[in-house]
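Undergrad: make a model of this:
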Amino acid sequence: MRAILFSLSASVFYMIWYFSHASGLHDLAQKAVASGKLPGLDEALRTVYTGVEPIDKLLTLLTVFFYPAMDGQDSTLLLHSIGFSGTFAAAWTLIVLESWRKGNSGTVAAYAGPYFAFATPLLCALQLGCSVTVRRPHADNIRVPRAVLAVIPTVFVIGFLVPSNLMVLPAPEIISVDWKQIAISAWHPWPAYVSILTTVSYYVIGPLFSNNHRASMSSLRWVYASAFIHTAVSHLATLTLSLTTVLAPALLEDKYIDALHPSKVYSFPVPWSGLKVNTVPEGVHVFLRWDYMIGSAGILLWALKLHIVAQRQVVGGVSWASLLFKIGVLSLFSGPAGAAVELMWERDELIFRETGSSRQVTTAKKSS
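TA: Numbering: from 1, shown residues only. Reported below is the predicted structural model:
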């Protein structure tokens, strides 16, 4: 499994970065920067954000990349982005949880990277190789501080949902085009916002929380439930709207029937296809499709591995037919990230139930 995850991470350089150059996306983005105009719009491109030239150059390029996904000029890209947002948040919830587990303290698993397709499989592969929570999962080493569990859903609202909603506000109807660019640039460090808010919360309010197992389990379940709901809702909304173009096209305007068709929204051209994109939004959609697929596959395979290890060590075996059917159904209705959340949720419930203190006390009484 580690080899697969490392391969997924490495594939980014070909499937995403090379493809961006080969398809023409990179050149189109650079031309937009040189023109000083936003792609597809007669609006000035903001080039100063922090006053630090290297950072401003990066943020300017990212704005050229993300603005078309946020202003609705490309319906295909916008719909895909809605589904991707739920996947991104759910996957990062799992990574943040993992970084706070007692058994991962001081290891690479205690740190999260910012780039989805590259960092997610890489972090997952490293965690599989260095963490005791993988080799010997136990209620003690997979425990997350109660204060952290209590704040994670709120932290994700503040650190992820608020910046995400700000950057999709219509411009110039609600915010100016310039402020929309600022909102897009301010969105990118959201993993840092989540990390900082979680850490500060842990040190500030952590002493106020007692070590109560029942309360901790309740908070943990709410973390998983909120992550699952978020990714399932965004996935189903995207899937339903796209399928409407096939099952009930009369409900949509003609211009959306082709743009939102499943063959457009869920397509994934390959780098060796010779594809050349004509616009930045078209190229960004291809980029994000591969970003979504590689990152989602990484988080699902990692969760599957942890789930299997727990099943084998606690139950003694795995029912493959049942497990694969469950993953298929969950992936269909909640996306790969939703399936990963459910696998990790079941794994934690199993470990805490079978290796927790209450279980150990009961077992000791029976043996005596």
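
Undergrad: show me what the helix or strand Ala183 falls within is packed against.
TA: Per DSSP states H and E: Ala183 is located in helix 177-187. Applying 3 or more CB pairs under 8 Å, 6 or more residues apart in numbering; DSSP states H and E, we find helix 177-187 packed against helix 53-70, helix 162-167. C-beta coordinates here come from the backbone N, C-alpha and C atoms, glycine included.

Undergrad: contacts made by the last one with the rest, please.
TA: Contacts of helix 162-167 from elsewhere in the structure, counted by CB atoms under 8 Å, 6 or more residues apart in numbering, are 66, 70, 85, 180, 183-184, 186-187, 190, 193.

Undergrad: quick check: end-to-end length of stretch 199-215?
TA: Start-to-end span of stretch 199-215 (CA to CA, to the nearest Å) is 20 Å.

Undergrad: show the average pLDDT along that stretch.
TA: Per-residue pLDDT over stretch 199-215 has a mean of 87.

Undergrad: which residues touch that stretch?
TA: By CB under 8 Å, 6+ apart, the residues outside stretch 199-215 that reach it are 100, 145-148, 150-151, 155, 356-358.

Undergrad: flag the shaky bits of the stretch 51-200 of the chain, pLDDT-wise.
TA: The stretch 51-200 of the chain contains residues with pLDDT under 70 at 106-115.

Undergrad: mind listing what's buried along the helix holding Ala183?
TA: 177, 179-185, 187 (16 or more other CB atoms under 10 Å).

Undergrad: again, but for stretch 54-71
TA: 56, 59-60, 62-71.

Undergrad: of all residues in this protein, which one is nearest the centre?
TA: Phe88 (1.8 Å; CA atoms, centre = their mean).

Undergrad: wait, what's in contact with that residue?
TA: 116, 295 are the contacts of Phe88 under CB under 8 Å, 6+ apart.

Undergrad: ok, now Thr198?
TA: Thr198 makes contact with 96, 100, 148, 151-152, 155, according to CB under 8 Å, 6+ apart.

Undergrad: and it, what element?
TA: Assigned by DSSP H and E, Thr198 falls in helix 190-205.

Undergrad: that helix versus helix 177-187: what angle between them?
TA: 60 degrees (axes from the mean of the first three to the mean of the last three CA atoms, to 10 degrees).

Undergrad: mind listing what's buried along helix 190-205?
TA: 190-191, 193-195, 197-198, 201-202.

Undergrad: same question for stretch 43-54.
TA: For stretch 43-54, using 16+ other CB under 10 Å, the buried residues are 43, 45-46, 49.

Undergrad: ok, and what's touching it?
TA: Contacts for stretch 43-54 (CB under 8 Å, 6+ apart): 32-33, 35-38, 55-56, 59-60, 63-64, 177-178, 181-182, 185.

Undergrad: could you do stretch 250-267 as well?
TA: 74-76, 79-80, 238, 241-246, 249, 289.

Undergrad: go again with 10 Å.
TA: Contact with stretch 250-267 is made by 74-80, 83, 238-239, 241-246, 249, 285-286, 289, 292-293, as judged by CB atoms under 10 Å, 6 or more residues apart in numbering.

Undergrad: quick one, phi/psi of Lys37?
TA: phi -120, psi 150 (degrees, to the nearest 10).

Undergrad: next one: Ala44
TA: Torsion angles, degrees, to the nearest 10, at Ala44: phi -60, psi 140.

Undergrad: read off the pLDDT value for it.
TA: 90.

Undergrad: now Ala364
TA: 39.

Undergrad: roughly how far apart are Leu304 and Thr76?
TA: Distance from Leu304 to Thr76, counting by CB to CB, to the nearest Å: 30 Å.

Undergrad: same deal with Tyr266?
TA: In terms of CB to CB, Tyr266 sits 10 Å off from Thr76.

Undergrad: okay, and the common contacts of the two?
TA: With CB under 10 Å, 6+ apart as the test, Tyr266 and Thr76 both reach Ser242.

Undergrad: so for those two, which sits in the more crowded spot?
TA: Comparing Tyr266 with Thr76 by neighbour count (other CB atoms under 10 Å), the higher total belongs to Thr76, at 20 against 17.

Undergrad: what's the burial count for the nearest residue to Val314 once chain neighbours are set aside?
TA: Computed as CB to CB, 6 or more residues apart in numbering, the closest residue to Val314 that is not its neighbour in sequence is Glu354, at 4.8 Å. For Glu354, the count of nearby residues is 17 (other CB under 10 Å).

Undergrad: quickly find the element holding Glu354.
TA: According to DSSP H and E, Glu354 maps onto helix 320-355.

Undergrad: distance from the chain centre to that helix, please.
TA: 17 Å (CA atoms, centre = their mean, to the nearest Å).

Undergrad: ok, stretch 311-329 next?
TA: 24 Å.

Undergrad: now that stretch: buried residues?
TA: Result for stretch 311-329 [16+ other CB under 10 Å]: buried residues 311, 313, 323, 326-327.

Undergrad: just want the angle from the helix or strand containing Met293 to helix 320-355.
TA: Under the criterion of DSSP H and E, Met293 resides in helix 280-310. Using the same axes, to 10 degrees, the inter-axis angle of helix 280-310 relative to helix 320-355 is 60 degrees.

Undergrad: quick check: mean pLDDT of helix 280-310?
TA: 92.

Undergrad: reformat the helices and strands packed on helix 177-187 as a markdown table; add distance to Phe19.
TA: Converted to a markdown table, the helices and strands packed on helix 177-187 look like this (distance: least, CB to CB, whole Å):
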| stretch | distance to Phe19 |
| --- | --- |
| helix 53-70 | 14 |
| helix 162-167 | 25 |
